[in-house]
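Trainee: here is a sequence with its predicted model. Questions after.
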Amino acid sequence: MNFARFIALRIYRADEPGEQVSRPAVLIAMIGIAIGLAVMIISVSVIAGFKSEIRDKIVGFGSHIQISNIDATGSYETRPVIVDDSMRIALAGYAGVKHVQRYSTKPGMIKTADAFQGMVLKGVGPEYDRNFFLRHLVEGEFPQFSDSTSSNRVVISKSFADKLKLKVGDKIDTYYIQDDVRARRLEIVGIYQTNFSEYDNLFLLTDLYIVNRLNKWKPNQVSGVELEIRNYDKLEETTYEIAADTDEHPDCHGAKYCVRNVEQLNPQIFAWLNILDVNIWVILVLMVGVAGFTMISGLLIIIIERTSMIGVLKSLGTDNLTIRKVFLWFAVFLIGKGMLIGNGIGLAFYFIQRWFSLFKLDPETYYMATVPVSFNVWLFLLLNAGTLSASILMLIGPSYLITRISPATSIRYE
């Protein structure tokens, strides 16, 4: 063990009243580090959890990539494209694509005895991935919908059910206006709740066959196809790869395909989520600053308190760099203890919120009922490494105070 670290460890472990360093200074330093790191861990886990939860809900309603008719982009009154078995097999053959599913939409209106509500009827086929809606199902079931027969069954959101006073088993009259007014009576078999009002107040899910009949489309014509990808980090790459092979090839009726990913379909929401990254950086800078300045104040108090020891070490021939290393090592021990406490607080918050959901939110405002949390081990390690490095770097400057202490003056007043 080198000399500087040995002396620092002796000071840190001293238990005799005359040998201990100032307890208030030590507490100030450790509390500053602990609070700063705990706030950073909690902030990053909450913001990362919030972004992940919002993104998963958007993807759950429309998957990662959509291929639709270029003449109907941005509208739920869509125009058809051909999506046959050969195209589905070709799309599933891309290395980045995990799942392929068709969909069709038809805007309409629900009318009850004393109320009415606009909506979009979304038809899905037997290959539709139901896992997202099964996770958010609050009542009834989410059936296996068909593309060849009409079951006249529908799954609605809890917001629709509450507004129109509907429940599982009720029959609803829906109306659709195109060249004429068309009506369909559907039976509610399930109710879902995602708390994402932009979509909860919009979509009803039913058989692909029903929607295609309402649209008067030919066999194999649908509004589009949704693709789930294996790696979200490769979203742009996969989108452009598929677009390069698809955009220039119209179907047999002359309809041109348009390939767009979830971020292109929802630019406002993802721009808002990206702004949250700025909030993370602001919090990190502020907390590192708080932790660093509390360590600086603690180190200066300890240096002043140990002036006589510095004088003795200098009189024995110890150079300034070695003495500075003594106090920097001592600061590392304090930072380490403060970081252990901060990690404990941050991880305790994460696990308590993850398991018990103690902290609630207003779903109308935040799109979720509880504070979301997410844990990334690499971000966790990076926060710890960054806090340790930044704190030590901020202490290098104040440690130069040691070079201004004269051995003769410091020993004279011992």
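Mentor: Yes, it's here. This structure is a prediction, so every number in the text was calculated from the model and none was measured. Residues are numbered from 1 along each chain as shown.

Trainee: every contact and neighbour count from this point should use C-alpha atoms.
Mentor: OK.

Trainee: now Ile191, what's its secondary structure?
Mentor: strand (DSSP: H, G, I helix; E, B strand; the rest coil).

Trainee: Val83 and Glu228, how far apart?
Mentor: Val83 is 16 Å from Glu228, where distance means C-alpha to C-alpha, to the nearest Å.

Trainee: for the stretch 151-300 of the chain, just list every one of the helices.
Mentor: 158-164, 197-200, 208-215, 235-246, 262-265, 267-305 (DSSP state H, counting those that start in this stretch).

Trainee: low-confidence stretches in the protein?
Mentor: In the predicted model, the chain carries pLDDT under 70 at residues 1, 14-22, 73-75, 407-414.

Trainee: which parts of it belong to which domain?
Mentor: Following automatic domain parsing, one gets these domains for the chain: 3-57+269-412, 80-254.

Trainee: let me have those in CSV, extended by distance to Ser63 and mean neighbour count.
Mentor: Shown next, in CSV, are those (distance: least, C-alpha to C-alpha, whole Å; neighbours: other C-alpha atoms under 10 Å):
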stretch, distance to Ser63, mean neighbour count
domain 3-57+269-412, 9, 17
domain 80-254, 6, 18
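
Trainee: show me what contacts the closest residue to Ile82 other than its chain neighbours?
Mentor: Excluding the flanking residues, the one nearest Ile82 by C-alpha to C-alpha, 6 or more residues apart in numbering is Gln221, at 4.5 Å. Contacts for Gln221 (C-alpha atoms under 8 Å, 6 or more residues apart in numbering) come out as 80-83, 212.

Trainee: in helices, which of those residues fall?
Mentor: Per DSSP state H, helices hold the following members of the contacts of Gln221: Asn212.

Trainee: which among the helices of the stretch 151-300 of the chain is found nearest to Ala369?
Mentor: helix 197-200 (12.3 Å; C-alpha to C-alpha).

Trainee: contacts for the closest one next, please.
Mentor: With C-alpha under 8 Å, 6+ apart, helix 197-200 has contacts from 61, 157-160, 193-194, 364, 367.

Trainee: and that helix, how far out from the chain middle?
Mentor: 19 Å (C-alpha atoms, centre = their mean, to the nearest Å).

Trainee: can I get it in CSV, CA atoms only?
Mentor: Extracted in CSV, the C-alpha atoms of helix 197-200 (Å, rounded to 0.1, in the frame of the first residue of the first chain):
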residue,chain,number,x,y,z
SER,A,197,-56.2,9.0,-23.8
GLU,A,198,-55.1,9.8,-27.4
TYR,A,199,-55.8,6.2,-28.3
ASP,A,200,-58.2,5.1,-25.5
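
Trainee: Phe349 touches Ile41, doesn't it?
Mentor: No. In this structure Phe349 lies outside contact range of Ile41 using C-alpha atoms under 8 Å: 9.3 Å.

Trainee: how much space is there between Ile396 and Leu313?
Mentor: The gap separating Ile396 from Leu313 is 19 Å, by C-alpha to C-alpha.

Trainee: between the domains of the chain, which gets nearest to Ile67?
Mentor: Of these, nearest to Ile67 by C-alpha to C-alpha is domain 80-254, at 5.3 Å.

Trainee: would you mind measuring the gap between the ends of the closest one?
Mentor: Domain 80-254: ends 11 Å apart by C-alpha to C-alpha.

Trainee: swap in stretch 223-242?
Mentor: Where stretch 223-242 begins and where it ends lie 18 Å apart, using C-alpha to C-alpha.

Trainee: now it: how far from the chain's centre is it?
Mentor: On C-alpha atoms, centre = their mean, the centre of stretch 223-242 falls 19 Å from that of its chain.

Trainee: residues making contact with it?
Mentor: For stretch 223-242, using C-alpha under 8 Å, 6+ apart, the contacting residues are 62-69, 78-81, 83, 91, 96-105, 259-261.
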